[in-house]
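Student: Kindly return the folded structure for what I paste below:
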Amino acid sequence: MVGLARSYFVGDTSYAHQSFDDIIHDLIEIQDILEAVNKKVNNYINKLDQSNYWLKVDDAFHIMVLKAQKFFETCISEIEDIVKDIQIEVKEHHIKRLQNLYLTSRKIEQKLSTIWNRDYYRKKE
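Tutor: Predicted structure coming up:
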């Protein structure tokens, strides 16, 4: 049952009904997922780069993918620090940092989606 009520985005989950161990477990699991996703994105970019297709990708989309990639690395590092810190003492800044990760992830997702849809539909016309 651990994590069933968890949001897809770190910082957007209410843990009011879960134990401290559940929180730690979820954060570590999210960190593992982010590492796997970042690895896949790196692999896709490398394949696209090798085929020279990456050069044809719209600059705005290209930049947002690279920003998202950097953000994954930031999330992984932040979550690692937070997990280590909260085992000693939970402070308000830990919660704010997780919420900021969530807010930033939503903004990146929205920008990527907007750029992708704009460029995809423009190419169809």
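Student: Tell me the buried residues in the least confident helix or strand in the chain by mean pLDDT?
Tutor: Lowest by mean pLDDT, DSSP states H and E among the helices and strands of the chain is helix 92-124, with a mean of 86. For helix 92-124, the neighbour count (16 or more other Cβ atoms under 10 Å) marks 94, 97-98, 101-102, 104-105, 108, 111-112, 115 as buried. C-beta here means a position set from N, CA and C on the backbone, and glycine is covered the same way.
Student: try stretch 73-87
Tutor: 75-76, 78-79, 82-83, 86.
Student: and what of stretch 20-34?
Tutor: In stretch 20-34, counting by 16+ other Cβ under 10 Å, buried: 22-23, 25-27, 30-31, 34.
Student: Give the rounded mean pLDDT of it.
Tutor: Averaging pLDDT along stretch 20-34 yields 92.
Student: centre of the chain versus stretch 52-70, how much separation?
Tutor: Offset of stretch 52-70 from its chain centre (Cα atoms, centre = their mean, to the nearest Å): 16 Å.
Student: Just the pLDDT for the spatially most central residue of the chain.
Tutor: Nearest to the geometric centre of the chain sits residue 72, at 4.9 Å (Cα atoms, centre = their mean). What the model reports as pLDDT for residue 72 is 92.
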